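Asks: pasting a predicted model and its sequence here:
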Amino acid sequence: MAVKSAGGGKYRKMSMSPKEYQAFAKTREPSRSIFGNCIRAFIVGGAICLLGQAIQQLFIHLAHMKPEDASNPTVAVLIILSVILTSLGVYDKIAQFAGAGSAVPVTGFANSMCSAALEHRSEGLVLGVGGNMFKLAGSVVVFGTVAAFFVGIAHLIFGTGGAH
Amino acid sequence: MQFLWAFIVGGAICVVGQLLFDVVKLTPAHTMATLVVVGAIIDGIGWYEPLVSFAGAGATVPITSFGNALVHGALTELENSGWIGVISGIFKVTSAGISAAIIFSFLAALVVRPKG
């Protein structure tokens, strides 16, 4: 089967080998430079952290919290914002632009949980929402917990007894 | 001044994540898991706390701080209640983040009609 390609009047055979197809797909992929991606990630990620810093300052000055106590409510506020933006479908648009800039902050963690919850809502609250909420975020929790366990064991063995 | 460092350090951690996406070709899940483990190790050798006091939210907002908080809970409990603290303390500090994410995601799933 042959179709007319958009550009010239040439005909292109549609049965391509996987290798040919990959080479062809590469030419049609929108070229996003790694440098440009990094700039976008830097700006959006930095902006989210800047917002976090502003919220933290509010907690410190208005609620008279110590800086180390203020980071928990700050994270909670960012998570609420992220859940709201995810529900409105805005966060995914930001993510398309920002790449890792919106995935790496804690808002990306909340986004992965919220979008999984919304996506599987139709399968019911228990099997859908309950069972799938950690589908993406689960790996972060599992690997974080296991790593923390081994770091704790290392401190136990080497007798530092918790360096903090 | 801390606002500037929060922006720069937070942005820099996101750039590391972007490089793991683009250069190392990791999936987002692998990238996040890697960053969390790195955060846990950095706190294990005691370098995360200075970073937090230097960069504020630039260090506490990225996902690396999740690993840091898990280790922090474990080590604090290790100090307070002995070896069992390694198990019982892990989620002590991170409770706010995980609980908030679970609760609000669940509420959103109750309220919001999914799109498309």
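Replies: Cool, the structure landed.

Asks: quick one: contacts of stretch A:60-80?
Replies: The contact list for stretch A:60-80 (Cβ atoms under 8 Å, 6 or more residues apart in numbering or on different chains) reads A:48, A:51-52, A:55-56, A:59, A:105-107, A:109-110, B:52-53, B:56-57, B:60-61, B:93, B:96-97, B:100-101, B:104. In this view, the C-beta of every residue, glycine as well, is placed from N, C-alpha and C.

Asks: buried residues in it?
Replies: Going by neighbour count (16 or more other Cβ atoms under 10 Å in any protein chain shown), the buried part of stretch A:60-80 is A:60, A:65, A:67, A:70-80.

Asks: so how far is that stretch from its chain's centroid?
Replies: 22 Å (Cα atoms, centre = their mean, to the nearest Å).

Asks: thinking again about what came up before, which of the contacts of stretch A:60-80 are buried?
Replies: Among the contacts of stretch A:60-80, the ones that count as buried by 16+ other Cβ under 10 Å are A:48, A:51-52, A:55-56, A:59, A:105-107, A:109-110, B:52, B:56-57, B:60-61, B:93, B:96-97, B:100-101, B:104.

Asks: contacts only, for the closest residue in space to B:I42 that isn't next to it in sequence.
Replies: Once flanking residues are discounted, B:I42 sits nearest to B:Y48: 4.9 Å by Cβ to Cβ, 6 or more residues apart in numbering or on different chains. Listed by Cβ under 8 Å, 6+ apart, the contact set of B:Y48 reads B:G39, B:I42, B:A59, B:T64, B:S65, B:N68, B:H72.

Asks: wait, the last one sits on B:D43?
Replies: When you say that, I think you mean B:H72. Yes: between B:H72 and B:D43 there is a contact under Cβ atoms under 8 Å: 6.1 Å.

Asks: how about A:P105, phi and psi?
Replies: Main-chain torsions, A:P105, degrees, to the nearest 10: phi -60, psi 160.

Asks: scratch that, B:P62
Replies: Per-residue torsions, B:P62: phi -60, psi 160 (degrees, to the nearest 10).

Asks: in a markdown table: the buried residues of stretch A:60-80, plus secondary structure.
Replies: Listed next are the buried residues of stretch A:60-80 as a markdown table, based on DSSP: H, G, I helix; E, B strand; the rest coil:
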| residue | secondary structure |
| --- | --- |
| A:I60 | helix |
| A:M65 | coil |
| A:P67 | helix |
| A:A70 | helix |
| A:S71 | helix |
| A:N72 | helix |
| A:P73 | helix |
| A:T74 | helix |
| A:V75 | helix |
| A:A76 | helix |
| A:V77 | helix |
| A:L78 | helix |
| A:I79 | helix |
| A:I80 | helix |
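
Asks: make a markdown table from those and add pLDDT to it.
Replies: A markdown table is the format used below for those (pLDDT from 0 to 100):
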| residue | pLDDT |
| --- | --- |
| A:I60 | 92 |
| A:M65 | 88 |
| A:P67 | 80 |
| A:A70 | 88 |
| A:S71 | 87 |
| A:N72 | 89 |
| A:P73 | 91 |
| A:T74 | 93 |
| A:V75 | 93 |
| A:A76 | 93 |
| A:V77 | 95 |
| A:L78 | 95 |
| A:I79 | 95 |
| A:I80 | 95 |
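
Asks: and the two most separated of those?
Replies: Greatest spacing in the buried residues of stretch A:60-80, by Cβ to Cβ: A:P67 and A:I80 (20.8 Å).

Asks: grab the nearest non-local neighbour of the residue nearest the centre of chain A.
Replies: Taking Cα atoms, centre = their mean as the criterion, A:A103 is the residue nearest the geometric centre of chain A, at 2.3 Å. Closest residue to A:A103 apart from its sequence neighbours, by Cβ to Cβ, 6+ apart: B:P28 at 5.7 Å.

Asks: surely that neighbour meets B:F21?
Replies: Yes: when contacts are counted by Cβ under 8 Å, B:P28 is listed as touching B:F21 (7.2 Å).
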